[in-house]
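K.L.:
take a look and give me a structure for this.
(one chain, ligands or ions: 1)
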Amino acid sequence: MKQVRDAFPIFRHHPELVYLDSAATAHKPDAVIDALSQFYAKDYATVHRAIYRSSMRATELYHEARETVRRFINADSVDEVVFTRNTTESIHLVSRTFDLKRGDEVLLSELEHHSNLVPWQMLAQEKGIVLKWIKVLDNGALDLSLPFSEKTKLVAITHVSNVTGTVTPIQEIVREARRVGAAVLVDGAQAAPHMSVDVQALDIDFYAFSGHKCYGPTGIGVLYGKRERLMAMPPLQGGGAMVDRVDFEKSTYQEPPLRFEAGTPMVGSAIGLMAALHFLLSVGLNRAAEWEHRLLSIATNRLESIDGCRIIGTAPGKGPIVTFTIDGVHPLDLAAWLDCQNIAIRTGHLCAQPLLRRFGCEAAARASFAVYNTEEDVERFIQAVQKGAGEILISR
Ligand code: PMP
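P.N.:
I've put the predicted structure just below:
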C-alpha cells in the first residue's frame, strides 16, 4: 500500500497531512492528473459533432470512458451509462423524469444523504407523491420490516451510509420491490470507491455515483439505468447533442444515454474518471477494501477506549467510515484542534440531518479511510483526538 500512497502527489506536497475525509472527496493519483493534462494538452476538442481528427479522437476517448464505466459496474450496455455532474445530479435526473404521479409512493430509508432525500421532498410538494420510510435500528442497520405497498413505485436507497457506514441489503430490497413492481434506485456514492458493484447481479434499475469520490475529477458522475427504464424517460434538459431532428415547432430526441446529456459534455472529466477507475482496478477493489477495513477496525477499537466516546453506526460489515461524538466536546472544536495538527476530518451534520437527529445529535465527527491512508495516520489521529478532547474539556 506504500506504493499506492506514493501515487498521490498531494502527500508529496504535504507530507504532514493526515487526510481522513475521503467520504467527502478523495485525492487524485498522478494517473488521473496526467490523463487530464494530456487530454487538454494533446487531444483536446469537442465530441460528437465534428469530423476533424482531434474531434474524432476526443469522441473516441469519451466513448472509451463510458465503456470503462460500463465494465466497472458490469452494465449490459454502454447505452445504460449516462454521464452527469455527480450523484446529486444523477438522483435529480431520475426524480424529475421517472413516471411518478400523485399518490404514488416512494420508499426511502432514514439513512439517506440529503441528495437522496431533498429531491423526493420537492417532488412530494410539487406532485403529491407520498414518501415512506425504512427505519434504522440503533446499530445503524436497516429494520427489514419494509413498508412496501401496492402503491410503491420506486425505492431510492443508499448502498453505503455516509454517516453510519451501514451497507444496506440491496438484494433483499430488490426482491421485495419486485413483488409490487417497484423500481429500485441505489445511491452508490459511498460504495463505488470501496466495493465491486455489479448492477446486473444486484438487478437494480438505477445506480448513481460520483467520480470525485472514486479518485477521479470533480464535475463527473454516473447514472446507470436499465435500458428499458431509460428508454421510457423523457429528457430533463433540452439543447444540443440530445436531439435527433429539430424543426421550428418541435424536436425528436436521441435515445439514451445522449438523450440525457444535453450540451457539450465534461469530456476531460470523463477521461479523468476513466483513468481513476483503471487506477482503482489496478489497486484491486478487494485489496483496497481489506486495507481500509483494517484501518477502520484499528480506529474503531481505539476510539471505543476513549472516555465518553460514542460511535454512531456499528452494523457488521460496514464501510470504511467511523462517525463519533465525545461527551462534552463539540465536534467543531475537535476538528479545529485536529486541523492544527494537520489532520483533516469532517464534522457537522454530515449532510444527513434527520439521521443524526435520529441518533440524538445535531453534529458529529467523522473519519473516513481510503487506499492512501496508513496505520500511522490512524495513530496520529487517535493520539490527537485523545489529547484534543482532554484539552477542550479542561478549557471549558
Ligand atoms: N450520497 C451519499 C451517500 C454521499 O455520501 C454523497 C456525498 N457526500 C452524495 C450522495 C452526494 O454526492 P455528490 O455531492 O458528489 O453529488
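
K.L.:
going forward, measure contacts between C-alpha atoms and count neighbours the same way
P.N.:
OK.

K.L.:
distance of the closest residue to the ligand within the stretch 251-396 of the chain from residue 118?
P.N.:
In the stretch 251-396 of the chain, no residue comes nearer to the ligand than residue 351, which is 6.9 Å away by Cα to the nearest ligand atom. Counting by Cα to Cα, to the nearest Å, the gap between residue 351 and residue 118 amounts to 11 Å.

K.L.:
repeat for residue 223
P.N.:
As judged by Cα to Cα, residue 223 and residue 118 stand 18 Å apart.

K.L.:
now residue 74: how far from residue 177?
P.N.:
21 Å.

K.L.:
looking at these two now, which is surrounded by more residues?
P.N.:
Of the pair residue 74 and residue 177, residue 177 is the one with more neighbours under other Cα atoms under 10 Å, namely 23 against 17.

K.L.:
residues near residue 151, how many?
P.N.:
If you count neighbours by other Cα under 10 Å, residue 151 ends up with 14.

K.L.:
surely it and residue 101 touch.
P.N.:
No - taking Cα atoms under 8 Å as the definition, residue 151 is not a contact partner of residue 101, at 10.4 Å.

K.L.:
for the residue nearest the centre of the chain, helix, strand, or coil?
P.N.:
Among the residues of the chain, the one closest to the centroid is residue 189, at 1.1 Å (Cα atoms, centre = their mean). Three states are possible here, and by DSSP: H, G, I helix; E, B strand; the rest coil the one that applies to residue 189 is coil.

K.L.:
before we move on, what about residue 302?
P.N.:
State at residue 302, reduced to three classes by three-state DSSP: helix.

K.L.:
OK, contacts around it?
P.N.:
By Cα atoms under 8 Å, 6 or more residues apart in numbering, the contact list for residue 302 reads residue 382.

K.L.:
make it 10 Å
P.N.:
If a contact means Cα atoms under 10 Å, 6 or more residues apart in numbering, then residue 302 has 296, 378, 379, 382, 383, 386 as its contacts.

K.L.:
can you pull the buried residues of the strand or helix carrying the fifth one?
P.N.:
Take DSSP states H and E as the rule and residue 383 turns out to sit in helix 375-395. Of the residues in helix 375-395, those scored as buried under the neighbour-count criterion (16 or more other Cα atoms under 10 Å) are 377, 378, 380, 381, 382, 384, 385, 386, 388, 389.

K.L.:
a markdown table for these, including distance to the ligand?
P.N.:
Below are the buried residues of helix 375-395 laid out as a markdown table (distance: Cα to the nearest ligand atom, whole Å):
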| residue | distance to the ligand |
| --- | --- |
| 377 | 22 |
| 378 | 21 |
| 380 | 24 |
| 381 | 21 |
| 382 | 23 |
| 384 | 25 |
| 385 | 23 |
| 386 | 27 |
| 388 | 26 |
| 389 | 26 |
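
K.L.:
can you lay out those as JSON lines showing distance to residue 268?
P.N.:
Supplementary listing: the buried residues of helix 375-395 in JSON lines, determined by distance: Cα to Cα, whole Å:
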{"residue": "377", "distance to residue 268": "32"}
{"residue": "378", "distance to residue 268": "34"}
{"residue": "380", "distance to residue 268": "37"}
{"residue": "381", "distance to residue 268": "35"}
{"residue": "382", "distance to residue 268": "39"}
{"residue": "384", "distance to residue 268": "39"}
{"residue": "385", "distance to residue 268": "40"}
{"residue": "386", "distance to residue 268": "43"}
{"residue": "388", "distance to residue 268": "42"}
{"residue": "389", "distance to residue 268": "44"}
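
K.L.:
what's the most distant pair in those residues?
P.N.:
Taking Cα to Cα, the two most distant members of the buried residues of helix 375-395 are 377 and 389; they sit 17.9 Å apart.

K.L.:
return the residues of the chain in contact with the ligand.
P.N.:
The interface of the chain toward the ligand, taken as Cα under 6 Å from any ligand atom, is made up of 24, 86-88, 113, 115, 158, 161-162, 187, 189-190, 210.

K.L.:
can you put these in TSV and add secondary structure and pLDDT?
P.N.:
Rendered in TSV, the data for these read as follows (DSSP: H, G, I helix; E, B strand; the rest coil; pLDDT from 0 to 100):
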residue	secondary structure	pLDDT
24	coil	98
86	coil	98
87	helix	98
88	helix	98
113	coil	97
115	helix	98
158	strand	98
161	coil	98
162	coil	98
187	strand	98
189	coil	98
190	coil	98
210	strand	98
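
K.L.:
who wins on neighbours among those residues?
P.N.:
Counting neighbours by other Cα under 10 Å, the one among those with the most is residue 210, which has 31 neighbours.

K.L.:
who touches that residue in this structure?
P.N.:
Here residue 210 is in contact with 25, 83-90, 187-190, 192-193, 216-223, 273 (criterion: Cα under 10 Å, 6+ apart).

K.L.:
what subset of the residues you listed is buried?
P.N.:
Among the contacts of residue 210, those classed as buried by 16+ other Cα under 10 Å are 25, 83-90, 187-190, 192-193, 216-223, 273.

K.L.:
among these, which ones are in strands?
P.N.:
In this view, the buried ones among the contacts of residue 210 that belong to strands under DSSP state E are 83, 84, 187, 221, 222, 223.

K.L.:
all helices of the stretch 51-200 of the chain, in order?
P.N.:
Along the stretch 51-200 of the chain, the stretches classed as helices by DSSP state H, counting those that start in this stretch are 53-73, 87-97, 118-127, 170-179, 199-202.

K.L.:
pick the most buried one from those.
P.N.:
For the helices of the stretch 51-200 of the chain, the stretch with the most neighbours on average is helix 87-97, a mean of 21; neighbours defined as mean count of other Cα atoms under 10 Å.

K.L.:
roughly how far does residue 61 sit from residue 282?
P.N.:
As judged by Cα to Cα, residue 61 and residue 282 stand 20 Å apart.

K.L.:
what are the structural domain limits within the chain?
P.N.:
31-282, 285-395 (automatic domain parsing).

K.L.:
so what's whichever residue of the stretch 201-350 of the chain sits closest to the ligand bridging to?
P.N.:
Shortest the stretch 201-350 of the chain-to-the ligand distance, computed as Cα to the nearest ligand atom: residue-wise this is residue 210, at 4.8 Å. On DSSP bridges, the residues paired with residue 210 through beta bridges are residue 221.
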